[in-house]
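Undergrad: Prediction below, plus the sequence it came from.
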Amino acid sequence: MADNPTIADINWEELFQETNTENLFQDRDYDGIQPESSDDDSEHSDNLIPELSDSDSEDDEPIHPAIQIARTASLRERHDPRDPHELSRKVEYILRIMDTIGINLPIFLDALSWGDEACTQNAKVRYECAALMNSQELAKILRQWLRPERSPGSKRKRPRGAAPTMKAFALECIKNLVDKELRELAPYLASPAGEDVEPETLLSTGFAGMQKDVEARAPLCLRLLKKMAHRKGQEDNTNKGPEKVILTIISMLSYARSHHSCRLQKLLAIYLKFRGISAKGFDTLHAMALTMSHKWTANVVSRISKHCMDKVRAAMDNHAWVLSDDNVTLPFKVFSQRLDNKSEFGNSTAATVYIKPDAKPLSEQTNRDLKKCHAEGLKNPLTELDIINLSLESYPRIMTHTEYRVLRFLLDAPAFDLKTYKGSNSSALQAPPPVDQLPSGPDHITLQYLLGTVNIPEASYEDHECLIDEWFGQLGWNNTGEKMKLAMQKVVAWVGDQLTVDRLRGLFKFRADDENSFERLDFMVLVFGWLHLQMAFANSLHKQYLGTERGRGLRSAFNILERKGLTKVMVAGPFHHDLEEALYHVAEAHLREDWLLVGDVENLAELRKRSPEELARLASEIVRHHASSEALDDMDMAANTGAPMDEQKRQVIMWNRDVLQYIVLDQAIRTGDVGLMEDFLPTLFLRFVGGGNGNYSNEVLELLQGLHREWPEEVSDFVRHHCWVMNFSGKPMDWCAVDKAQEHNIKDIKVTYRSEGPNIKWKYLKKLHPAIHVIRAVTRHIETEFGTLTRGMKHTIPKKEKDLGRLHTSYCKAGYHKQCMTGRTIRKKDKAEDYILNGIEKLQTGTVLAKWIHVRRFERSKSERWGLGEESSESGSVVSG
């Protein structure tokens, strides 16, 4: 054939012989793949062409490797690379043939691409169509149609090509695909109304789960938004990923399509409501499809509250539990004052139920045993000898932990640098075994549920009677049957501050002759909170060692450290926190000087040369000779033989002894060592007696009486292990006193989740507060998901070394830690009393316990009249702690 053939030169019969065409293509499927041979030729179908459906299903047919690709590559290889015009001539030739036979390129491509039924049935057309669809050139063709190339050297505007049509087509395809994906994704973003307020449902909504759902059901949406969320060059930025933004956008789009797809919106609505977003702010965020409406959010509080109260009632039926309450002061402001609409400063009470899933339920006999032991204990009070014996028995264990605390002050000093100390892993430097430490971990986490705060103060006995009825009413014990079950089958452990417990104990006494166990409160076990006891202990140290500015007591230390607001004891505000920090710092400064003195070194770094065993021995020596009652006795005995008394040194020893007791007790509470806490009770009793704190000396005495006289062993064990400290994280060093946990809840009520506005009344607060623990969990969950949890959770504690250095320098210059053989005196106003010694002396007089015993002498009725027409007797007990 000539280089430029004409139409006349074509042998049409030879080119389009039907037999040749059938031989070539009839055994090929749509993609040009030869089907597998069949063993039964008679069953072989002559029609190998698949039926094309008009449905709009987006399911893609599987792509198989096609022989057309190899054929296309083979045809390309036949082109002469030395002739740049060869391909264009052939294309022109084909186009001219198309002109001759009456079709053009649009008609040809339409016919090739399933244009009509005949074309679809034609084997040759099918084959070439498959060659185009499976070709590597197709993508290049489409790109060139979208953005045609300019002619070489041309400066004219780029040809428009098929860009408008292709963009419209691409938009239609994407729109259909995205619509399909969002429809498939919608059920996974839905939040059923009946389950949406359950904590498990709320906390199960997270970006990790959403990511998996979106990847599986809306991959195109995900890829599109990822591309839009990244600027060129940002793809490798690992510090600023757009995943959360993308998932939030998808959630907003799904919510805009259907209000049922609101899982994330409900979670964000609850979170933002209690992070201070106003009603108008909610309206804006709801219009953006980011949250639920303000009305929904306001209404959901009631649903969460009801769910929480139902849940706590069910939990109390199956687990041991403890109840605590404390007073709350809340301001209420109005915009316009009227006789019936005034601002007020409300006095109220908040309560919390603590569920102990790991606690062994009390036996069925405990309620009756408690009543029996109560009656016997009233006739068998503790004696002075009992308290002294308990003190002597616990003293060695307290001393062991005191020695370790002194050693810890050295090990934690930056100058010692424990990390590089060669004996840092020695057993001699390890903490002594706990006396009775509570287990920690996820299985031992305490659950807490707030009750509805009520406008009843804790001032009088009448107030506490109302509070008992209120709390029991909220818990469902408001009819005679429930009260009988409570009084005859349960034991209620009630924890509070000194005033609360004292008032309840007064009711226990004043109601001794009432008609039944419920009215007499026979089922109650009253326990003071250890936080308030710590506060009383710290205030006792403050009173004992404050002194004057000219002395070396706490007032002088406060001035050296420039600590403000610590010279006068206060109940409200951060006083206790600031005082506790100051006690730790003053104690550490004193003990650093003792380390230098006992170790005979100029600085703490020189002690790194000593072995771990020698350091442990030096710590014991410091406690024995510089921080113990024995050291004080040695000085007193020497003075009795005529030796001059060094009052300055004696006061330093007494300070070290007393402040170390506070620190060791504080560490026992933090680590959950309830055995060591109990060991401190006799010493605390002596301190409070000697320091004139009659309220807490009575509370400690009542607790000792309960543990050793008036409670069955099962109740005593329950009080020790479940009524003193709680752990809400499972971490071993994260224990806190029950009343401290109650203070944290009050902080949430007053500050963190405080509701403000002219319409906030007591009724709303009573409804809101049972939901706080769910709100708290949602808040923590959201901030964890978005990576904002740590902001505001903790404040950076300033380094203390500058403060300690200044104090230590002052004590070193004063020389009070070195005993003066010629004696030294202290001005009367700076001389501290020995509260422990005073307590022992008062105890020995017999008047302290005699007065306490006299107050406790009263008879208790055993009748059980319930207003049911006859006197009922006690039945078997099924007790829940």
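TA: Looks like it arrived, so ask away.
Undergrad: The residue sitting nearest the centre point of the chain: what secondary structure?
TA: In the chain, the centroid-proximal residue (CA atoms, centre = their mean) is Arg780; its distance is 5.6 Å. What DSSP: H, G, I helix; E, B strand; the rest coil gives for Arg780 is helix.
Undergrad: ok, it to Leu378 distance?
TA: For Arg780, the distance to Leu378 (CB to CB, to the nearest Å) stands at 47 Å. Glycine gets a C-beta too; all of them are placed from N, C-alpha and C.
Undergrad: now do Gln136
TA: 98 Å.
Undergrad: same question, Tyr93
TA: Distance of Tyr93 to Leu378, computed by CB to CB: 120 Å.
Undergrad: Those two - which one has more neighbours?
TA: More crowded of Tyr93 and Leu378, by other CB atoms under 10 Å: Leu378, with 18 against 14.
Undergrad: Enumerate every residue touching the residue lying closest to that one once chain neighbours are set aside.
TA: Of all residues not flanking Leu378 in the chain, Arg856 sits nearest, at 6.1 Å (CB to CB, 6 or more residues apart in numbering). Residues near Arg856 by CB atoms under 8 Å, 6 or more residues apart in numbering: Leu378, Pro381, Lys509.
Undergrad: at 10 Å what do you get?
TA: Arg856 is in contact with Gly377, Leu378, Lys379, Pro381, Arg505, Lys509, Leu701, Glu702, Gln705, Glu710, counting by CB atoms under 10 Å, 6 or more residues apart in numbering.
Undergrad: burial of the last one, as a residue count?
TA: Glu710: 23 surrounding residues under other CB under 10 Å.
Undergrad: Tell me the spacing between it and Glu465.
TA: Noted for Glu710: a distance of 23 Å to Glu465, by CB to CB.
Undergrad: Extract the residue ranges of this protein that are flagged as low pLDDT.
TA: Applying pLDDT under 70 to the chain flags the ranges 1-66, 234-240, 756-758, 790-796, 868-881.
Undergrad: where do the strands sit along it?
TA: Secondary structure of the chain (DSSP state E): strands at 320-332, 344-356, 447-450, 492-496, 524-528, 725-727, 735-737.
Undergrad: Between these, which one is closest to Lys244.
TA: Each of the strands of the chain has some distance to Lys244 by CB to CB; the shortest is strand 447-450, at 29.7 Å.
Undergrad: ok, and for the closest one, which residues are buried?
TA: Going by neighbour count (16 or more other CB atoms under 10 Å), the buried part of strand 447-450 is Leu447, Gln448, Tyr449, Leu450.
Undergrad: still on that earlier bit, looking at the strands of the chain, which is closest to Asn759?
TA: Among the strands of the chain, strand 320-332 sits nearest to Asn759 (CB to CB), with 10.3 Å.
Undergrad: For that closest one, which strands pair with it and how are they oriented?
TA: In the sheet, strand 320-332 lines up against strand 344-356 (antiparallel), strand 492-496 (parallel) (DSSP bridges).
Undergrad: Pull out the buried residues from it.
TA: Residues of strand 320-332 classed as buried under the neighbour-count rule (16+ other CB under 10 Å) are Ala320, Trp321, Val322, Leu323, Ser324, Asp325, Asp326, Asn327, Val328, Leu330, Phe332.
Undergrad: Dump those residues into a markdown table; add distance to Asp513 as well.
TA: Output for those, formatted as a markdown table (distance: CB to CB, whole Å):
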| residue | distance to Asp513 |
| --- | --- |
| Ala320 | 31 |
| Trp321 | 29 |
| Val322 | 28 |
| Leu323 | 25 |
| Ser324 | 28 |
| Asp325 | 26 |
| Asp326 | 30 |
| Asn327 | 29 |
| Val328 | 33 |
| Leu330 | 37 |
| Phe332 | 41 |
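Undergrad: Can you say which two of those are spatially most distant?
TA: Maximum pairwise distance among the buried residues of strand 320-332 (CB to CB): 37.0 Å, between Ala320 and Phe332.
Undergrad: Number of residues surrounding Leu701?
TA: Per other CB under 10 Å, the neighbour tally for Leu701 reads 23.
Undergrad: Surely it and Leu390 touch.
TA: No: using CB atoms under 10 Å, Leu701 is not in contact with Leu390; the gap is 11.3 Å.
Undergrad: export the contacts of Arg856 to CSV and tack on distance to Gly839?
TA: Below are these laid out as CSV (distance: CB to CB, whole Å):
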residue, distance to Gly839
Gly377, 23
Leu378, 25
Lys379, 26
Pro381, 18
Arg505, 22
Lys509, 26
Leu701, 12
Glu702, 17
Gln705, 17
Glu710, 23
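Undergrad: Pull out the buried positions in stretch 620-640.
TA: By 16+ other CB under 10 Å, the buried positions in stretch 620-640 come out as Ser620, Ile622, Val623, His625, His626, Ala627, Ser628, Ser629, Ala631, Leu632, Met635.
Undergrad: Which of the residues you listed sits closest to Pro159?
TA: Closest to Pro159, out of all of those and judged by CB to CB, is Ile622, at 92.9 Å.
Undergrad: Now do that closest one against Val659, distance only.
TA: When CB to CB is applied, the distance between Ile622 and Val659 equals 13 Å.
Undergrad: One more: Gln136?
TA: Distance of Gln136 to Val659, computed by CB to CB: 83 Å.
Undergrad: sorry, back to before: may I see the strands of the chain organised as JSON lines, with distance to Pro242 added?
TA: Putting the strands of the chain into JSON lines (distance: least, CB to CB, whole Å) gives the following:
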{"stretch": "strand 320-332", "distance to Pro242": "43"}
{"stretch": "strand 344-356", "distance to Pro242": "41"}
{"stretch": "strand 447-450", "distance to Pro242": "37"}
{"stretch": "strand 492-496", "distance to Pro242": "49"}
{"stretch": "strand 524-528", "distance to Pro242": "53"}
{"stretch": "strand 725-727", "distance to Pro242": "38"}
{"stretch": "strand 735-737", "distance to Pro242": "40"}
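Undergrad: Out of the ones you listed, which gets nearest to Ser305?
TA: Each of those has some distance to Ser305 by CB to CB; the shortest is strand 447-450, at 9.5 Å.
Undergrad: Could I get the full set of helices for the stretch 601-750 of the chain?
TA: 612-626, 629-640, 647-671, 674-679, 681-691, 694-705, 713-722, 738-747 (DSSP state H, counting those that start in this stretch).
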